[in-house]
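# here's my sequence, what's the structure:
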Amino acid sequence: QKYQTQSIHHRGEGNPGYITDFASCAPPATAMAAGCVPRAFVIAVAVLITVCGSAAEHREAHMDLVEEDFNAKPNGQTTTVEISMPRPSGGDVKCSFTYAVVGGTNEDWKIRIEKVEDDYVCSASRSASYLFFQHFTLAFESGTVTRAEVYDDAGATLQENTAYVVDGNKVKNGDGFGNALSAVAIFQSA
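Okay, the predicted model is just below:
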């Protein structure tokens, strides 16, 4: 029985460094020693990687943290970013961040949902922001917000009922909001 392998030539040997031909190899014992790998072995490894990859994806779906990057564009238009995380008991925890910003250039932000002890925490954040927030709302799809934390661009905690207001399933900017934001988080009992 013959086995096929790819013969690879390296740079400096008259070849630009890519696969050039297929060579026939000896039977299994000498083939492996010569660097030849049986095609059946390659297929078995590919199947194993696919099966394990699918299992890993399934495990990730039940992790205690889901996060996603988004780009905040200072065009003054109201934009919504959504994220969801499967609950172990079924269904999803869903959260959205709605905002409008102007000034400066685009900024990379993160939105995340995390299970922390007996709470789900949804947050939108960036280490420092130079954008001017016209308004913002961070909301769970359902349920009630039990606590909120909001920080300005210098990382200082903003005052509830002045700079922001908690209203049912969401937190939003209040009348005293100074348009500077670097992080906002809401908590909900799991």
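# from the contact counts, what lies against the strand or helix carrying residue 71?
According to DSSP states H and E, residue 71 maps onto strand 65-72. Where contact means 3 or more CB pairs under 8 Å, 6 or more residues apart in numbering; DSSP states H and E, strand 65-72 is packed against strand 79-86, strand 107-116. Heads up, the C-betas are built off the backbone N, CA and C, glycines and all.
# can you lay out those as TSV showing mean pLDDT?
Output for the helices and strands packed on strand 65-72, formatted as TSV (pLDDT from 0 to 100):
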stretch	mean pLDDT
strand 79-86	97
strand 107-116	97
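# quick one, which of those is nearest to residue 137?
Smallest distance to residue 137 across the helices and strands packed on strand 65-72 (CB to CB): 8.8 Å, for strand 79-86.
# what lines up beside that closest one in the sheet?
strand 92-102 (antiparallel) (DSSP bridges).
# quick one, the strand it pairs with and strand 107-116 angle?
Strand 92-102 and strand 107-116 are oriented at 150 degrees to each other (axes from the mean of the first three to the mean of the last three CA atoms, to 10 degrees).
# okay, the angle between strand 92-102 and strand 65-72?
20 degrees.
# check what contacts strand 92-102 and list those residues.
For strand 92-102, the surrounding residues in contact (CB atoms under 8 Å, 6 or more residues apart in numbering) are 72-87, 111, 113, 120, 122, 124, 131-142, 184, 186, 188.
# from residue 103, how far out is residue 142?
Counting by CB to CB, to the nearest Å, the gap from residue 142 to residue 103 is 34 Å.
# for residue 121, name its beta-bridge partners.
residue 114, residue 187.
# and the pLDDT at it?
As predicted, residue 121 sits at a pLDDT of 98.
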